[in-house]
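[1] test case, fold it:
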Amino acid sequence: MVTYKKAGVDIDKADKLVNWIKKINPSIGGFSGLFPLNGKQYKNPVLASSTDGVGTKLRIAQLVNKHDTIGIDLVAMCVNDLLTCGAKPLFFLDYFATGKLDLKVTQRVIRGIVKGCAIADSILLGGETAEMPQCYKSGEYDLAGFSVGVVEKNKIINGSRIKPGDLIVGLESAGLHSNGFSLVQKVFSRKELKKMSSELLKPTKIYVKTLLPLINSGHSPALIKGLVHITGGGLINNLPRALPLNCRAVIYKDEWEIPGIFCSIREKGKITEGEMFRVFNMGIGMVLIIAQKHGDLILKSIKKSHLIGKIVSGKRDVKLK
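    Now for the predicted structure:
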């Protein structure tokens, strides 16, 4: 007799996982998650949404059997994107796909997601676990995340107020975050990757509690004119997404200390500086664009922040100096 379990899908094990998640996160369990919006809290609320994954950083976690921080990365990649328009993350959903469900591994991943949501002041509202033996090898899994936030319409950050003379402030990253890992795995051997794994698996920094107080500080006009999450494409490709047509970002690359991990990648792979800045965050995980008069306030308010550049007239692009 053929059964679903013989085909590679264990429904009973999946049910055990769901019951375990309910114990640590009571918000889930139904066919859909419900989140009440407080009508009195917002006059003209706009919902924001973001979805992302963690790419081939997963391969490093699976290589060394360390799964407790990759869920933080997943949350970070989504909620940091929400922040760029000024939105407060409300809730998060995850998608976990694997060949054969390993309860211990999956629980470690989900604990990381729950921790990431706590750091982001968000709620894990639901998710999906898919067991697909024909699609994934034993020990492999993939992740995707989905986040929804809210922002008052008159507080949306869209870069429209950015002008020449504004300052560019960079907030330090926690290392590679979740981008560039395909290149990293091209440069280093499996043995080297294992040796470097603790550095490579540092979770992506979540900037929600750092930036939301400044976003909602009550200054009129708002303190922050533009926000940029430095993900795939680095400073070179991400900064122009926030700039008006007549503005160029000039970045002074000597204004912060580039972490050693990036130097190791560049030296071992014989990678050009331009390629490094186009692939990796180079130690800057989030960028703020502000008026000159607010420079001292922002730098004093945010630890591990650096004045890294300025906005000038010109083509909408990034120039490294």
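[2] and the gap between residue 83 and residue 215?
    Using CB to CB, to the nearest Å, one gets 8 Å for the distance from residue 83 to residue 215. Yep, even glycine has a C-beta here, placed from its N, CA and C like the rest.
[3] so the most centrally placed residue in the chain is in which element?
    Closest residue to the average C-alpha location of the chain: residue 77 at 1.9 Å, with CA atoms, centre = their mean. According to DSSP states H and E, residue 77 maps onto helix 70-83.
[4] dump the C-alpha coordinates for the longest helix along the chain into PDB.
    Counting by DSSP state H, the longest helix found in the chain is helix 103-119. This file holds the C-alpha atoms of helix 103-119, laid out as PDB (Å, rounded to 0.1, in the frame of the first residue of the first chain):
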ATOM      1  CA  LEU A 103      12.200  18.800  13.700                       C
ATOM      2  CA  LYS A 104      15.400  19.900  15.500                       C
ATOM      3  CA  VAL A 105      16.700  21.900  12.600                       C
ATOM      4  CA  THR A 106      13.400  23.400  11.800                       C
ATOM      5  CA  GLN A 107      12.800  24.400  15.400                       C
ATOM      6  CA  ARG A 108      16.200  26.100  15.500                       C
ATOM      7  CA  VAL A 109      15.300  28.100  12.400                       C
ATOM      8  CA  ILE A 110      11.900  29.100  13.700                       C
ATOM      9  CA  ARG A 111      13.400  30.200  17.100                       C
ATOM     10  CA  GLY A 112      15.600  32.500  15.100                       C
ATOM     11  CA  ILE A 113      12.600  33.900  13.300                       C
ATOM     12  CA  VAL A 114      10.800  34.500  16.600                       C
ATOM     13  CA  LYS A 115      13.900  36.200  18.000                       C
ATOM     14  CA  GLY A 116      14.200  38.400  14.900                       C
ATOM     15  CA  CYS A 117      10.500  39.400  15.200                       C
ATOM     16  CA  ALA A 118      11.100  40.400  18.800                       C
ATOM     17  CA  ILE A 119      14.100  42.500  17.800                       C
END
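[5] other SSEs contacting it?
    If you count contacts as 3 or more CB pairs under 8 Å, 6 or more residues apart in numbering; DSSP states H and E, helix 103-119 packs onto helix 11-24, helix 70-83, strand 88-98, strand 123-131, strand 141-152.
[6] now with 7 Å?
    Secondary-structure packing of helix 103-119 (3 or more CB pairs under 7 Å, 6 or more residues apart in numbering; DSSP states H and E): helix 11-24, helix 70-83, strand 88-98, strand 123-131.
[7] deepest-packed of these, please.
    helix 70-83 (a mean of 28; mean count of other CB atoms under 10 Å).
[8] re the thing from before, so which bits of the longest helix of the chain are buried?
    For helix 103-119, a neighbour-count test (16 or more other CB atoms under 10 Å) marks 105-117, 119 as buried.
[9] possible to save those as JSON lines with distance to residue 273?
    Output for the buried residues of helix 103-119, formatted as JSON lines (distance: CB to CB, whole Å):
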{"residue": "105", "distance to residue 273": "38"}
{"residue": "106", "distance to residue 273": "40"}
{"residue": "107", "distance to residue 273": "42"}
{"residue": "108", "distance to residue 273": "37"}
{"residue": "109", "distance to residue 273": "35"}
{"residue": "110", "distance to residue 273": "39"}
{"residue": "111", "distance to residue 273": "39"}
{"residue": "112", "distance to residue 273": "33"}
{"residue": "113", "distance to residue 273": "35"}
{"residue": "114", "distance to residue 273": "39"}
{"residue": "115", "distance to residue 273": "35"}
{"residue": "116", "distance to residue 273": "32"}
{"residue": "117", "distance to residue 273": "37"}
{"residue": "119", "distance to residue 273": "33"}
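[10] just give me the closest of those residues to residue 90.
    Among those, residue 117 lies closest to residue 90 (CB to CB), at 10.5 Å.
[11] ok, and the closest non-adjacent residue to the closest one?
    The shortest distance from residue 117 to any non-neighbouring residue, by CB to CB, 6 or more residues apart in numbering, is to residue 124 (4.9 Å).
[12] doesn't residue 285 belong to a strand?
    Yes - per DSSP: H, G, I helix; E, B strand; the rest coil, residue 285 lies within a strand segment.
[13] distance of it from residue 67?
    From residue 285 to residue 67 the distance is 22 Å (CB to CB).
[14] ok, back up a step: who's the residue nearest to residue 117 bridged to?
    In this structure, residue 124 bridges to residue 92 when assessed by DSSP bridges.
[15] list the contacts for the residue nearest to the centre of the chain?
    If you count contacts by CB atoms under 7 Å, 6 or more residues apart in numbering, residue 77 has them with 52, 54, 145, 178, 204, 231.
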